[in-house]
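J.: with the input below, show me the fold.
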Amino acid sequence: MNKLTPDQEYNRIMAVYGKDDPLDALNLVERQLHTLTQRAQMLLGLCGIVITVTGFSGRIIAGTNRIAQLLIVSGVGITLLAAGLVVGGVMKLHWITQQPPESDLPQLIRSSLAYRDRKMRYYQKAVFVLLLGLTCYVIAIAIMLLNPHASTVSPAR
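T.: Residues are numbered from 1 along each chain as shown. The predicted structure is shown next:
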């Protein structure tokens, strides 16, 4: 499926949703932004889980060997970078009503679509970065599991 150009998408939205009332088209874009925000919150939740689990078991994983140490630290750092992309790029607020121009509804819809697309690009980058961080993290866990007696760090009591 070919991706629509911004003009093609605008024309499709206006034909399907804005035929009777252009505000319906703007409401569609608002719902899309809401969906994007919900998905971004899910990514933040995954980042939080990684950081929390590292707090409990990171020391044990890192005690396996130097490679596991580097992977666990890299995984957490990369995951934190993903969280930063979500917070700084997707969750950053800029109300649709604050976008110029204030009185031209078709242009407001176009600028809102561009705003959505910018947020989507941040979201896509954050997903990629999070998957990279999780990959480092999972490899570190695999190293630990493949070397069950290698840990020199005893768990805290």
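J.: how far off centre is the helix or strand that contains residue 84?
T.: Assigned by DSSP states H and E, residue 84 belongs to helix 66-85. Put simply, helix 66-85 sits 16 Å off its chain's centre (CA atoms, centre = their mean, to the nearest Å).
J.: what does stretch 43-52 give?
T.: On the basis of CA atoms, centre = their mean, stretch 43-52 sits 11 Å off its chain's mean C-alpha point.
J.: just the C-alphas of it, formatted as PDB.
T.: The C-alpha trace of stretch 43-52 is given here as PDB (Å, rounded to 0.1, in the frame of the first residue of the first chain):
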ATOM      1  CA  LEU A  43       6.000   2.900  25.500                       C
ATOM      2  CA  LEU A  44       6.800   4.900  28.600                       C
ATOM      3  CA  GLY A  45       5.300   2.100  30.600                       C
ATOM      4  CA  LEU A  46       7.600  -0.400  29.000                       C
ATOM      5  CA  CYS A  47      10.600   1.900  29.600                       C
ATOM      6  CA  GLY A  48       9.500   2.100  33.300                       C
ATOM      7  CA  ILE A  49       9.300  -1.700  33.500                       C
ATOM      8  CA  VAL A  50      12.900  -2.000  32.100                       C
ATOM      9  CA  ILE A  51      14.300   0.500  34.500                       C
ATOM     10  CA  THR A  52      12.400  -1.000  37.500                       C
END
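J.: still on that earlier bit, hey, C-alpha coordinates of the helix holding residue 84 in PDB?
T.: In PDB, the C-alpha atoms belonging to helix 66-85 read as follows (Å, rounded to 0.1, in the frame of the first residue of the first chain):
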ATOM      1  CA  ARG A  66      32.000  -7.800  31.500                       C
ATOM      2  CA  ILE A  67      29.800  -8.300  28.300                       C
ATOM      3  CA  ALA A  68      26.700  -8.600  30.400                       C
ATOM      4  CA  GLN A  69      27.600  -5.500  32.300                       C
ATOM      5  CA  LEU A  70      28.100  -3.500  29.100                       C
ATOM      6  CA  LEU A  71      24.800  -4.800  27.600                       C
ATOM      7  CA  ILE A  72      22.700  -4.200  30.700                       C
ATOM      8  CA  VAL A  73      24.100  -0.600  31.100                       C
ATOM      9  CA  SER A  74      23.700   0.000  27.400                       C
ATOM     10  CA  GLY A  75      20.200  -1.400  27.400                       C
ATOM     11  CA  VAL A  76      19.100   0.800  30.300                       C
ATOM     12  CA  GLY A  77      20.700   3.900  28.700                       C
ATOM     13  CA  ILE A  78      19.200   3.300  25.300                       C
ATOM     14  CA  THR A  79      15.800   2.600  27.000                       C
ATOM     15  CA  LEU A  80      16.100   6.000  28.800                       C
ATOM     16  CA  LEU A  81      16.800   7.600  25.400                       C
ATOM     17  CA  ALA A  82      13.600   6.100  24.100                       C
ATOM     18  CA  ALA A  83      11.700   7.500  27.000                       C
ATOM     19  CA  GLY A  84      13.200  10.900  26.300                       C
ATOM     20  CA  LEU A  85      12.100  10.700  22.600                       C
END
